[in-house]
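**Student:** quick one, what's the 3D model for this:
(one chain, ligands or ions: 2)
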Amino acid sequence: MTQFPDFDYANRIRLVRALLEETGVGALMLSVGADLPYFTGYEAMPLERLTMLVVPSEGNPVLVVPTLEAPRVDDRGVFEVRAWSETEDPVAISAELAGNVDRIVVGETTWSTFLLGLQAAMPGTRFENASVLTRELRMRKEPDEIRYLREAAEATDRVVDRLAAMRFSGRTEAELAAAVRAMTLEEGHDVATFDIVASGPNAASPHHEPTDRTMQSGDTVVIDFGGRHGGYCSDTTRTFSIGEPAPEIVYAYDVLAAAQAAGRAAVRPGVTAESIDIATRQVIDDAGYGEFFIHRTGHGIGLEAHEHPYLVAGNDLLLEPGMAFSIEPGIYRPGEWGMRLEDIVICDGSGVDELNRSDRHLRVVE
Ligand code: ZN
Ligand code: ZN
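**Tutor:** Ligands and ions are numbered 1, 2, ... in the order given. All right, here's what the predicted structure looks like:
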């Protein structure tokens, strides 16, 4: 399990309680997922035995936890622990702690079996998605959270530099993915969480699973990987060419790099999340590749690899200092080739703070 840093969890609980009060919500209930460690530094095991933090708008927060998990819990002085034995009903205990309230917000990754149980136990209560409130805090990173994100990004940059010096030709995607995983750990992550190595025509699939395809001269190779450091995620993508790239690849990559640069340049407080998507998409559209850019421009990042804010058409959320997200346009020609360029950035007081800084050119490898 992840060791979460010693953040000011008591303050986060205070802030979310203020939001509960402001919005007239009686209690916050969090089970598996990233909201729970955000407020407690404790991560629930995804088990049939319920773990649930109950934060009533008045009264102390209580973590309802299976007795056998209780020894792992560090309350950090911010919540009480209610361990339940094998013959007790943790749903009933949680419902009672929440009290008789009109409205409750529940973590969006809570298993339906528990949510259905709570709804049956509290027939007069309206249940809503806690993320609407918790994202308001989680989207705006504290300086210490940014420090972890920056360190994680720097570790992935070192992996990219090592990759650029490696021989790709003759190796399989799966072999290179294993090397990426090992380097992700060596350079400073607690866990390596994903490693996409997509070569030749496979690179046209953005979430390709590495295969036994042997890479060869003439391939473009998309490598998208990341891990967690103190619970905080990294996520970066670079595209490589094995041998000198064909003119079409050189042209398309120039478009891609210009699109990503336009996205980074557009970041500042007060602009909409969708405006970053518009900035990257415009460059790719103008070059005639619009139909081959098949996903949004980016996603927020923090305790989760994908979280709010999402940089997607229709999202009129205004960017604010402290928001962390990826900028990752791609161009994918089905059956032929693909390319993507991804960096994590922070919206700071005046513009953009770039966490990933490894060379953004199409890297030619052997
Ligand atoms: Zn990625
Ligand atoms: Zn990403």
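
**Student:** what does the pLDDT read for whichever residue of the stretch 1-150 of the chain sits closest to ligand 1?
**Tutor:** Closest residue of the stretch 1-150 of the chain to ligand 1, C-beta to the ion: residue 149 (14.0 Å). Backbone N, C-alpha and C define where each C-beta goes, glycine included. For residue 149, the model assigns a pLDDT of 98.

**Student:** thought it was touching residue 346?
**Tutor:** Yes: counting by C-beta atoms under 8 Å, residue 346 is a contact partner of residue 149 at 7.5 Å.

**Student:** mutual contacts of the two, please.
**Tutor:** Shared contacts of residue 149 and residue 346, defined by C-beta atoms under 8 Å, 6 or more residues apart in numbering, comprise 141, 324, 355.

**Student:** who wins on neighbours among those residues?
**Tutor:** Neighbour counts for those peak at residue 324, which has 27 neighbours (criterion: other C-beta atoms under 10 Å).

**Student:** just checking the helix or strand that residue falls within against ligand 2, any contact.
**Tutor:** Taking DSSP states H and E as the definition, one finds residue 324 inside strand 324-327. Yes: using C-beta under 5 Å from the ion, we find that strand 324-327 touches ligand 2 at residue 326.

**Student:** excluding its backbone neighbours, what's nearest the closest residue to ligand 2 within the stretch 101-250 of the chain?
**Tutor:** For the stretch 101-250 of the chain and ligand 2, the shortest gap (C-beta to the ion) falls at residue 235, measuring 4.2 Å. Excluding the flanking residues, the one nearest residue 235 by C-beta to C-beta, 6 or more residues apart in numbering is residue 226, at 4.0 Å.

**Student:** mind jotting down where the strands sit in the stretch 251-366 of the chain?
**Tutor:** Assigned by DSSP state E, counting those that start in this stretch, the strands in the stretch 251-366 of the chain fall at 298-300, 307-311, 324-327, 330-333, 337-340, 343-347, 352-354, 363-365.

**Student:** and of those strands, who's closest to ligand 1?
**Tutor:** When the strands of the stretch 251-366 of the chain are compared for distance to ligand 1 using C-beta to the ion, the nearest one is strand 324-327, at 6.5 Å.

**Student:** the closest one packs against which elements?
**Tutor:** Strand 324-327 sits against helix 143-164, helix 247-265, strand 298-300, strand 307-311, strand 343-347, with contacts defined as 3 or more C-beta pairs under 8 Å, 6 or more residues apart in numbering; DSSP states H and E.

**Student:** show me the contact partners of the strand holding residue 324.
**Tutor:** Outside strand 324-327, the residues that touch it by C-beta under 8 Å, 6+ apart are 141, 145-146, 149, 235, 260, 263-264, 267, 276, 280, 297-302, 309, 311, 342-347, 355.

**Student:** which of the residues you listed are buried?
**Tutor:** Buried by 16 or more other C-beta atoms under 10 Å: 141, 145-146, 149, 235, 260, 263-264, 267, 276, 280, 297-302, 309, 311, 342-347, 355, out of those.

**Student:** send over the strand holding residue 324 as PDB, restricted to the C-alpha atoms.
**Tutor:** This file holds the C-alpha atoms of strand 324-327, laid out as PDB (Å, rounded to 0.1, in the frame of the first residue of the first chain):
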ATOM      1  CA  ALA A 324      -2.300  20.300 -12.600                       C
ATOM      2  CA  PHE A 325      -3.000  18.600 -15.900                       C
ATOM      3  CA  SER A 326      -1.600  16.900 -19.000                       C
ATOM      4  CA  ILE A 327      -1.400  18.400 -22.400                       C
END
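
**Student:** now do it: distance to the chain's middle.
**Tutor:** When distances are taken as C-alpha atoms, centre = their mean, to the nearest Å, strand 324-327 is centred 9 Å away from the chain's centroid.

**Student:** and the stretch 201-350 of the chain, which residues reach ligand 1?
**Tutor:** Taking C-beta under 5 Å from the ion as the measure of proximity, the stretch 201-350 of the chain contacts ligand 1 at 224, 235, 237, 342.

**Student:** tell me how many other residues surround residue 93.
**Tutor:** When neighbours are defined as other C-beta under 10 Å, residue 93 has 18 of them.

**Student:** got the contact list for it?
**Tutor:** 64, 82, 84.

**Student:** state the pLDDT value of it.
**Tutor:** 98.

**Student:** same question, residue 1
**Tutor:** With respect to pLDDT, residue 1 has a value of 65.

**Student:** then residue 57?
**Tutor:** Residue 57 is assigned 88 on the pLDDT scale.

**Student:** what about it, neighbour count?
**Tutor:** By the criterion of other C-beta under 10 Å, residue 57 has 20 neighbours.

**Student:** shaky segments in the stretch 201-350 of the chain?
**Tutor:** Residue ranges of the stretch 201-350 of the chain with pLDDT under 70: none are present.

**Student:** flag every buried residue along stretch 8-19.
**Tutor:** Neighbour-count burial for stretch 8-19 [16+ other C-beta under 10 Å]: 9, 12-13, 16-17, 19.

**Student:** residues touching that stretch, excluding its own?
**Tutor:** For stretch 8-19, contacts defined as C-beta under 8 Å, 6+ apart pick out 25, 28, 38-41, 55, 57, 61, 76-79, 133-134, 136-137, 142.

**Student:** can you sort out which of those residues also neighbour ligand 1?
**Tutor:** Near ligand 1, taking C-beta under 5 Å from the ion as the test, no member of those is found.

**Student:** in strands, which of those fall?
**Tutor:** 28, 55 (DSSP state E).

**Student:** just checking, which of the contacts of stretch 8-19 belong to helices?
**Tutor:** Taking DSSP state H as the definition of helices, these contribute 38-40, 133-134, 136-137.

**Student:** give the PyMOL command for selecting the buried subset of these.
**Tutor:** PyMOL command restricting the ones in helices among the contacts of stretch 8-19 to the buried ones, with burial defined by 16+ other C-beta under 10 Å:
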select buried, resi 38+39+40+133+134+137
